[in-house]
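J.: Show me the folded form of this:
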Amino acid sequence: MTLEESLNRLAYQFKESVKLQGILTELYEQHSELRIDSGKLLTERTLNGSHGIQLDGIGEIVGVERPVVAVDTVGAFGFEGDPTSLGFGTLIDDTIGGNFILLNANGVLLNDEDYRTLIKARIILNSSSKTADESTNLISFMLGGVEVRYFLFQNLSPTYHIGKILSLFEKSLLEDIPTALGVGDANYQTMYNDTPFGFDGDSGALGFGTLNDPLIGGNFASTI
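T.: I've put the predicted structure just below:
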């Protein structure tokens, strides 16, 4: 109910009472502030609705503090062979090319969205049985739903094939991923999901390319 609607409900003999209307207006404004604040308690104390220091409090409960991360180099200037980098710019279009990154660049606090992902991952991890399927699903969730493949050869360390090029933050997330029970540390390989290189028997992979056409063949994976 708006303030105008509230004042219209006054009895006729109080319609012209300036003092009474002033008191009711003040009470209405205070009530509105309380209503807004109480609404925030319902929405901004949830994992998906909280921000800043409120999100820090949830992270503390779960057991993961907001980390300081290095400046992300994805999209920064780099050279051929680094799929996460950009090349030189042009004088005509300043949106082309990557930014130079200082070697001594200071770290920054993780932003809310990435920190929220980290908290959700820790919640899943805290209740995980650390099976291969759960680990694969957890990696996929932490990396935005990307396809993840799991390989284990002769009970050696498991290998996860991840279908995207990872940022520095995404690589740091892998440190908390549980390995399957009974095996050693996990290995991670990143690849392009659309055009991964592979051998006969893998229907989702492509073969070798050709010097005449760079569009033929698949991209090799990168080991982290």
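
J.: So for stretch 111-126, mean pLDDT?
T.: Model confidence over stretch 111-126 averages 85 on the pLDDT scale.

J.: Just the buried positions in that stretch, please.
T.: Asp114, Tyr115, Arg116, Thr117, Leu118, Ile119, Lys120, Ala121, Arg122, Ile123, Leu125 (16 or more other Cβ atoms under 10 Å). C-beta: built from backbone N, CA, C; applies to glycine.

J.: Filter those residues down to just the ones in helices.
T.: Per DSSP state H, helices hold the following members of the buried residues of stretch 111-126: Asp114, Tyr115, Arg116, Thr117, Leu118, Ile119, Lys120, Ala121, Arg122, Ile123, Leu125.

J.: Any figure for the gap between Gly163 and Phe77?
T.: As for Gly163, its distance to Phe77 is 26 Å (criterion: Cβ to Cβ, to the nearest Å).

J.: Just flag the most distant two among the ones in helices among the buried residues of stretch 111-126.
T.: The distance between the two most remote of these (Cβ to Cβ) is 16.1 Å, for Asp114 and Leu125.

J.: Next secondary structure after the host helix or strand of Arg35?
T.: Using DSSP states H and E, Arg35 falls within helix 18-43. Going down the chain from helix 18-43, the next helix or strand is helix 52-62, by DSSP H and E.

J.: neighbouring contacts of that next one?
T.: 44-45, 47, 50, 65-66, 112, 115-116, 118-119, 122-123, 126 (Cβ atoms under 8 Å, 6 or more residues apart in numbering).

J.: at 10 Å instead, please
T.: The contact list for helix 52-62 (Cβ atoms under 10 Å, 6 or more residues apart in numbering) reads 40, 44-50, 64-67, 109-110, 112-113, 115-116, 118-123, 125-126.

J.: send the alpha carbons of that helix over as PDB?
T.: C-alpha atoms of helix 52-62 as PDB (Å, rounded to 0.1, in the frame of the first residue of the first chain):
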ATOM      1  CA  GLY A  52      30.400  -8.600  -0.500                       C
ATOM      2  CA  ILE A  53      30.900  -9.100   3.200                       C
ATOM      3  CA  GLN A  54      27.700 -11.100   3.500                       C
ATOM      4  CA  LEU A  55      29.100 -13.600   0.900                       C
ATOM      5  CA  ASP A  56      32.300 -13.700   2.900                       C
ATOM      6  CA  GLY A  57      30.300 -14.800   5.900                       C
ATOM      7  CA  ILE A  58      28.800 -17.700   4.000                       C
ATOM      8  CA  GLY A  59      32.300 -18.700   2.800                       C
ATOM      9  CA  GLU A  60      33.600 -18.700   6.300                       C
ATOM     10  CA  ILE A  61      30.800 -21.000   7.400                       C
ATOM     11  CA  VAL A  62      31.500 -23.400   4.500                       C
END
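
J.: ok, Leu138 touching Leu118?
T.: No. If you go by Cβ atoms under 10 Å, Leu138 and Leu118 don't touch, sitting 12.0 Å apart.

J.: before we move on, back to that, nearest to Gly97, of the buried residues of stretch 111-126?
T.: Nearest to Gly97 out of the buried residues of stretch 111-126 is Asp114 (Cβ to Cβ; 25.1 Å).

J.: pretty sure that closest one contacts Pro67?
T.: Yes. With contacts counted by Cβ under 10 Å, Asp114 reaches Pro67, the gap being 9.4 Å.
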